[in-house]
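Colleague: What would the 3D arrangement of this be:
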Amino acid sequence: MATITERMAPVLVLWLAVCLSGTWAVDKGNFKTCDQSTFCKRQRALKPAESPYRALLETMELTNTRLTLQLINDNNKVRLLLELYRLQGNMTRVKINELKPLKPRYEVPDVLIREPPTEPLSLLSQDENGVVLSLGAESQRVIVSAQPFRLDIMEGRDVLMSLNSRGLLAFEHLRMRKDTFSYKVTSTVASVWDNIKRVFSSQVEPEAEKKEEDDPANQSETTKEEEEKVEDGMWEETFKSHSDSKPNGPSAVSLDFSLPGVEHVYGIPEHADTLRLKTTDNGDPYRLYNLDVFQYELYNPMALYGAVPVMLAHNAQRTTGIFWLNAAETWVDISSNTAGKTVFGKMLDYVQGSSETPQTDVRWISESGIIDVFIMLGPTPNDVFSQYASLTGTQSFPPLAAVSYHQCRWNYNDQEDVASVDAGFDEHDIPYDYIWLDIEHTDGKRYFTWDPHKFATPKEMLQGLMDKKRKMVAIVDPHIKVDSNYKIHNEIRSRGFYIKNKDGGDYEGWCWPGSAGYPDFTRADVREWWASMFAYDQYEGSMENLYTWNDMNEPSVFNGPEVTMHKDAVHGSWEHRDVHNLYGFYVQMATTEGLIQRSGGVERPFVLTRAFFAGSQRYGAVWTGDNAAEWEHLKISIPMCLSLGLVGISFCGADVGGFFKSPSTELLVRWYQTGAYQPFFRAHAHLDTPRREPWLFGPENTALIREAVRQRYALLPYWYQQFYHAHRTGQPIMRPLWVEYPQDPATFALDDEFLIGKDLLVHPVTEEGARGVTAYLPGKGEVWFDVQTFQKHNGAQNLYIPVTMSSIPVFQRGGSIIPKKMRVRRSSSCMMHDPYTLYVALNPQRTAEGKLYIDDGHTFNYEKKEFIHRRLSFANNILSSVNLALDAQFTTQSWIERIVILGASKPSTVTLKTADGQESQLEFDFDASMSVLTLRKPGMNAGVDWNVMLQ
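Modeller: Predicted coordinates for the structure are as follows:
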């Protein structure tokens, strides 16, 4: 007889189908506003300039590595402990916790790659009003003011950043609930003890009594807390039909930051919004709380699937960053004294001599935990990227195939369907590397299994793909079907690995399988067990060309509050409210470790996640979730991925074509053209949408899509070099123009175009029926070359570009060298030994530089120095290839088959000189109308030294 869960699962799916087909818009009523999130409402009601916090300077202790100082809330006499660290690499860390909390407060583990190394702090001056500390370099110092407490970071005479300058520091201390039995017992005992002390104190010398009272260390015990107002939602909160028991009561923390001279702030993904963050004075703050949001609304501060609590601030002089290390629900308010001013208004201020310095104020509010904030002082954008990478790590280095094209839908029906789609790509001469399977491939939504009828011989299917040097991704979600006949569930339950509900039983919620349990991935032993399940002898039917997709890992709970887990669910000693934004991070961490372990640590993994946090870049790729086949969703994919790149997560993409709804043919083509120039390139579609493989829209559109995909494959050497660079440095791959042109205000708010690395500028066509686009080409005194026509354009101009349906406006920066592979084959692995074409774009000084990186494309052997890394440079009419890694050892069969020099003059002879001293004359063509010189079949190996001389 079927279990209740099995009987209910079809009902659940039917219910979901009705919901999903009945409307295609987010139901905002399912998700809280700040007013409905009581801690946010409570904190937002605080008035600026009324800070009750005072620094007790007499408690200051300064060691070689840190300063500690007590703060006191003069309203309730609760004390906090401030810790201040100067970190290596021009960073400052500020931690604030209760001095004597009733119980420990959650501090986020596992996100930092190590305990950040410190540098010495030194005391410059001190008086009754505060202390001044040196931060070492560049006359940087920290000023701690006592009353009210305030912290200013300065460089010379400039204030770089101020903390609590608006007096919005708030720290809700843990306390006992006053209407509970335990509180009444404790209060009675305390009262009796006070009476006993009074009796004995009459026999104590008055001076000694006064001294004891004046001792700051005793004040929090001797002074009774002021009666604090108990507000709705402090001890219990209800949202719709859900109740949050809040056993620890109010525990929110908040702090404000002021950024003088700053008008542009970025980051804090994930939001479907512009790259430049907006002010929030007239609406909700930006929310960071990982949620499964059905077809999200655009240009909205609502929370989405992931949360990275990192903000960058930029002006023409400096870039700084704030990393708020807290995994609880967080809201971020932004205000600016120039918000709403028009360009004319700003000009009027200037003419009238207005001296008001632009300033942006930011306030972070989190539901629980402590204040642990890293202030990254730049001063350049790349410095901030390096600083953040030193804390949380860099983008993982994916296998080359993962940088290629991915074909997905919910769902490919069976093995025959997979074989048919695979053959369709070959028939239409479109390359791809991965085909994906969604939830329907499993046996009744039991992950790590295969449907016994539709996918009866998975190894045969995988071998067929492997024979073509292709791969597969299968979904493995973290909700586990509650079914006594399911091995995975039985093992998790018997080991006690599920998250618990507030009453101590296994937490259960509804998701795709029906009733489901959720493994507690915050536990290292659970992650270790989960990783072991990817071993080939555990995950039946898996092979080395099967990779993994973690979806629904916010976690998604269909019948939970806000479609997620109850906050009073329990992870060991902690509530879910403390760890919520970490759950997806831990799921991807464990899965990635499983894919590494199954190969004995040899093969690089590929894991896609929907939910993420700071540090998720170490474990794979993310995508922008369940978007829609609408032009606005195509447009928003650019700022969404740019925002992720700024906070370390470079491997980002959006579902090509849109997940929900059906794209017009024009939209689908334009989306392929855009996706081909974003780091993660995958087409995906909803179960209820018509099929949309690239060849289903007529020969003309098939040709347009084929060309876009082939452009991606031709550029794979450049993309791979960018991923290697991101892995080594933490710099974003897809980046806003201001990162490379930090002093050009015209770039600061641009988010309809972007750079790949520093040498390719892309302005996708994202308007329906467009006949032209206007691209801003940055860089005064620089030039840019259209990669299709080789036409040269000057920098620092808005360029109108007429477009047709085949147009993808892409420009190569003058002064760069970009390697391509022009022999596009069925998959990236098939192109492994193919030759390179070098595109050398000369700047006005007639120089250019680039790099070429080559390894085996799939193992960790690059960590053993098994790679080729070369610097390509052109100067004084000599193009050369020089080894950048003298201690590295790797050989390649690839050679240089063509060199194209843009902006060239016609030489009389071209001579190749190889490392062994041999010289040979090269054939060349010169197009005088476009100043393009083409050297054909120079023939040298891509991994050796050589010079090409133009005479």
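Colleague: Please verify my assumption that Leu760 contacts Gln812.
Modeller: Yes. Counting by CB atoms under 8 Å, Gln812 is a contact partner of Leu760 at 6.1 Å. From N, CA and C alone the C-beta is placed, and that goes for glycine too.
Colleague: shared neighbours, the two?
Modeller: Both Leu760 and Gln812 are in contact with Val787, Ile818, where contact means CB atoms under 8 Å, 6 or more residues apart in numbering.
Colleague: From Phe659, how far out is Asp422?
Modeller: 22 Å (CB to CB, to the nearest Å).
Colleague: got a list of what the residue lying closest to Ser828 once chain neighbours are set aside touches?
Modeller: Distances taken as CB to CB, 6 or more residues apart in numbering put Ser404 closest to Ser828, at 4.4 Å, once the chain neighbours are dropped. When contacts are counted by CB under 8 Å, 6+ apart, Ser404 is found next to Pro431, Tyr432, Asp433, Tyr434, Phe681, Arg712, Tyr713, Leu716, Ser827, Ser828.
Colleague: try it again with 10 Å
Modeller: Contacts for Ser404 (CB atoms under 10 Å, 6 or more residues apart in numbering) come out as 398, 431-434, 470-471, 681, 709, 712-713, 716, 719-720, 827-829, 831.
Colleague: which residues touch the nearest residue to Glu356 once chain neighbours are set aside?
Modeller: In space, and not counting its chain neighbours, Glu356 is closest to Asn337: 6.3 Å by CB to CB, 6+ apart. With contacts defined as CB under 10 Å, 6+ apart, Asn337 is in contact with Glu263, Thr279, Glu356, Thr357, Pro358, Gln359, Thr360, Asp361.
Colleague: and the closest residue to Gly903 other than its chain neighbours, how many residues sit next to it?
Modeller: For Gly903, ignoring the flanking residues on the chain, the nearest one in space by CB to CB, 6+ apart is Leu842 at 3.9 Å. Residue neighbour count, defined by other CB atoms under 10 Å, stands at 24 for Leu842.
Colleague: Please apply the same query to the one 10 residues further on.
Modeller: Close neighbours of Leu852, defined as other CB under 10 Å, add up to 25.
Colleague: so it touches Ile868, yeah?
Modeller: Yes. Using CB atoms under 10 Å, Leu852 is in contact with Ile868, at 7.2 Å.
Colleague: Which neighbours do the two have in common?
Modeller: Leu884, Thr892, Ser894, Ala942, Gly943.
Colleague: what's the nearest residue to the fourth one if we skip its chain neighbours?
Modeller: When the adjacent residues along the chain are set aside, Ala942 lies closest to Ser894, with 4.5 Å between them (CB to CB, 6+ apart).
Colleague: List phi and psi for that neighbour.
Modeller: With angles defined as degrees, to the nearest 10, Ser894 shows backbone torsions of phi -70, psi 150.
Colleague: distance of it from Lys468?
Modeller: When Ser894 is compared with Lys468 (using CB to CB), they lie 21 Å apart.
Colleague: more neighbours, the two?
Modeller: A count of neighbours by other CB under 10 Å puts Ser894 above the other of Ser894 and Lys468, at 21 against 16.
Colleague: Okay, and the beta partners of the residue nearest to Leu80 when sequence neighbours are not counted?
Modeller: Of all residues not flanking Leu80 in the chain, Leu71 sits nearest, at 4.3 Å (CB to CB, 6+ apart). Here Leu71 sits in beta bridges with Ala55, Leu80, going by DSSP bridges.
Colleague: so Leu71 touches Met60, yeah?
Modeller: No. In this structure, Leu71 is not within contact of Met60 by CB under 10 Å, at 11.1 Å.
Colleague: Between these two, which contacts overlap?
Modeller: Both Leu71 and Met60 are contacted by Leu82, under the criterion CB under 10 Å, 6+ apart.
Colleague: Asp856: what's its closest spatial neighbour, skipping adjacent residues?
Modeller: Once flanking residues are discounted, Asp856 sits nearest to Glu866: 7.1 Å by CB to CB, 6+ apart.
Colleague: One more: Gly857?
Modeller: Once flanking residues are discounted, Gly857 sits nearest to Leu400: 3.9 Å by CB to CB, 6+ apart.
Colleague: What is the burial count for that neighbour?
Modeller: Neighbours around Leu400, by other CB under 10 Å: 23.
Colleague: roughly how far apart are the residue nearest to Ser828 and Tyr720?
Modeller: Applying CB to CB to Ser404 and Tyr720 gives a distance of 10 Å.
Colleague: what sits in contact with each of these two?
Modeller: Common neighbours of Ser404 and Tyr720 (criterion: CB under 10 Å, 6+ apart): Pro398, Ser828.
Colleague: Could you count how many residues lie near Arg523?
Modeller: Neighbour tally, Arg523, other CB under 10 Å: 18.
Colleague: Just the pLDDT for it.
Modeller: Looking at Arg523, its pLDDT is 98.
Colleague: ok, it touching Trp529?
Modeller: Yes. Shown here, Arg523 and Trp529 form a contact pair, counting by CB under 10 Å, at 9.2 Å.
Colleague: Show me the shaky parts of the stretch 51-200 of the chain.
Modeller: Along the stretch 51-200 of the chain, the model assigns pLDDT under 70 to residues 137-138, 180-200.
Colleague: Mind jotting down where the helices sit in it?
Modeller: 181-201 (DSSP state H, counting those that start in this stretch).
Colleague: what do you get for the stretch 551-700 of the chain?
Modeller: 576-579, 583-598, 631-646, 665-675, 699-714.
Colleague: To His271, which of the ones you listed lies closest?
Modeller: helix 631-646 (7.5 Å; CB to CB).
Colleague: what's around Gln147, how many residues?
Modeller: 15.
Colleague: Could you measure from the closest residue to it other than its chain neighbours over to Lys77?
Modeller: Closest residue to Gln147 apart from its sequence neighbours, by CB to CB, 6+ apart: Arg54 at 4.6 Å. According to CB to CB, Arg54 stands 11 Å off from Lys77.
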